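Enquirer: Show me the folded form of this:
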Amino acid sequence: MMGFSGFGSVALSFSGAARLSQREMGLFGNISIHFYPVEKNLKYNYEQNLGNLDSGYNYWADLILPISRNLSFNDGLWFEIQNSTDTQLKEFKIPHNAYRAVLEVYVSFHENDEFWYSNAPNGYIAANNLSGTPGKGPFREVVVSLDGKVVGAIQPFTVIFIGGFNPLLWSPITEIGSYNLPSYDIEITFFLGNILLILDGKSHKFGFSVTNALNVWFVDANLHIWLDKWSTKTEGELSKHSSLPLVVSLVLDFKGLNGTFFTRVGRSVSSTGWVKSSYGNITTDAIQELHYSNTMVMKNGGNTQIVNQTIHFNDTIHIRPPSSIIHSMSSNKKFPLYLYIDFLEQAKETYKYITNVELGFLSCTVCVDRLPWLRW
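Expert: Got it, this is the predicted structure:
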C-alpha cells in the first residue's frame with residue numbers, strides 16, 4: 001500500500017479505450033526503511049529494554065502494531081465488513097511510556113460496493129423493480145471507534161480497478177497508479193489518557209464499520225506509537241471530545257428510470273487532550289472535517305448515467321508544548337470524480353458503449369514550526 005504525502009496532484013482522464021492521459025506532480029522521494037518488532041514482541045519488558053529503543057525525538061514511530069484480523073491459515077488479515085451493521089473489533093495493548101499515537105487506516109472496496117459512488121438509492125431501485133442492482137445510494141464512510149467512541153471517519157478515495165466501468169479501460173494491463181490506495185491517518189494522542197488508562201495495561205478495542213455498506217469492504221490499520229526513552233510511564237487526559245452525527249441532505253426526483261439524485265453529507269470530529277512525558281506537558285488539539293457531495297443523473301431509460309462527486313477531507317492538528325510556540329499541521333485532500341456512461345443501440349443489432357471518467361487526487365499538507373518527532 002502507498003499513501004501520498006507532501007503536496008501532489010494526480011489527475012486521470014479517459015474516453016473509451018483510445019485516449020489516455022495522466023499528469024503527476026510533486027511526488028516524493030528520499031525513502032527511508034525502518035524495521036519494527038513483530039506483535040509478539042509486545043510481551044517483552046519495556047522498562048528493561050528502553051535502551052534498545054530509538055529516542056522519542058524521531059520523525060518516525062518507535063513501534064508499529066498491526067490492527068488487523070488474527071492470523072488465519074485459511075484467509076487474509078483484512079477485516080471483512082459485509083454490511084452497514086457489521087462492526088469489526090481488534091483488541092490491543094501499548095507500552096506504558098507512549099506519548100504519541102496515530103492510527104493509519106487502509107480501505108479497499110469490492111463486489112456489490114466496488115462502484116459504490118454510482119449506486120442508485122433504494123427508492124429508485126424498488127420503484128423500478130431492479131432486483132440484483134446494488135443500492136443504498138452513493139455515500140459511504142468508514143467509521144473508526146475506540147472502546148465504542150467514534151474517534152475519526154474516512155470518506156475514501158474512489159479507486160477504480162481493472163476493467164472498471166468498461167472492460168476496455170485498463171485491460172489487460174492496469175493503468176499506472178490505479179492500485180495506489182492511499183492510507184488515512186487518524187490522530188489519537190489525546191486518547192492516551194484513556195489508553196493510559198489505555199496505559200493501564202489492559203486491552204482496549206478499535207472498531208471499524210462502514211456507513212451504508214454492501215459486501216464487501218476490506219479494512220485494516222497500523223497503530224504508530226512514539227515511545228519516551230527517558231521515562232517508564234507517561235500520563236495524560238482527554239480534555240474534550242466531540243463527534244457530531246452525520247448531517248445528511250438527500251433529494252430524489254425521478255419518474256420511471258429517469259431522474260436526478262442529490263446527496264450532501266457533512267461530518268466533524270474534534271478532540272483535545274494532554275500527555276505528560278520527559279518532553280513536558282504537551283497538549284494536542286485536532287479537528288477533522290469531511291464534506292461530501294454527489295449528483296447523479298439517469299437518462300434514456302436508465303441507459304445513461306452521469307455522476308459528479310466531490311469529497312473534501314480536511315485535518316488540522318495544533319500541538320502546544322511547554323513553550324508558548326504552537327506547532328500546527330494541516331492536511332487538505334480533495335477527491336473529484338466525473339463519470340459518464342452511455343449504452344446506445346445501433347443498426348444491425350450492434351451497440352455502442354461510451355465511457356468517460358475523470359478522477360483526481362489533490363493533496364496539500366502544511367506544517368508550521370514542526371516538532372522533530374511528529375509524523376504526518
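
Enquirer: Can you show me the strands along the stretch 151-300 of the chain?
Expert: Along the stretch 151-300 of the chain, counting by DSSP state E, counting those that start in this stretch, strands occupy 184-187, 204-211, 217-227, 235-243, 247-255, 258-277, 280-299.

Enquirer: Mean neighbour count and mean pLDDT added to these, as a markdown table?
Expert: To be clear about C-beta, it is placed using only N, CA and C from the backbone, and glycine gets the same treatment. Shown next, in a markdown table, are those (neighbours: other CB atoms under 10 Å; pLDDT from 0 to 100):
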| stretch | mean neighbour count | mean pLDDT |
| --- | --- | --- |
| strand 184-187 | 22 | 94 |
| strand 204-211 | 20 | 96 |
| strand 217-227 | 22 | 95 |
| strand 235-243 | 16 | 94 |
| strand 247-255 | 12 | 96 |
| strand 258-277 | 19 | 96 |
| strand 280-299 | 18 | 96 |
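
Enquirer: Give me the neighbour count for residue 310.
Expert: 15 (other CB atoms under 10 Å).

Enquirer: and what of the one 10 residues further on?
Expert: Other residues within reach of residue 320, judged by other CB under 10 Å, total 17.

Enquirer: Tell me what it is bridged to.
Expert: Under DSSP bridges, the beta-bridge partners of residue 320 are residue 283.

Enquirer: same question, residue 354
Expert: residue 342.

Enquirer: got the contact list for it?
Expert: Neighbouring residues of residue 354 by CB atoms under 8 Å, 6 or more residues apart in numbering: 16, 340-344.

Enquirer: Residue 62 contacts residue 228, doesn't it?
Expert: No - applying CB atoms under 8 Å, one finds residue 62 not in contact with residue 228, separated by 9.1 Å.

Enquirer: just the contacts of residue 354 now: which is nearest residue 293?
Expert: Comparing those against residue 293 with CB to CB places residue 340 closest, at 17.5 Å.

Enquirer: Wasn't the closest one part of a strand?
Expert: Yes - assessed with DSSP: H, G, I helix; E, B strand; the rest coil, residue 340 lies in a strand.

Enquirer: hang on, isn't it packed against residue 308?
Expert: No - contact criterion CB under 8 Å: residue 340 and residue 308 do not qualify, at 9.4 Å.

Enquirer: Just the buried residues out of the contacts of residue 354, in ChimeraX syntax.
Expert: Of the contacts of residue 354, the buried ones go into a single ChimeraX selection, burial set by 16 or more other CB atoms under 10 Å:
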select :340,341
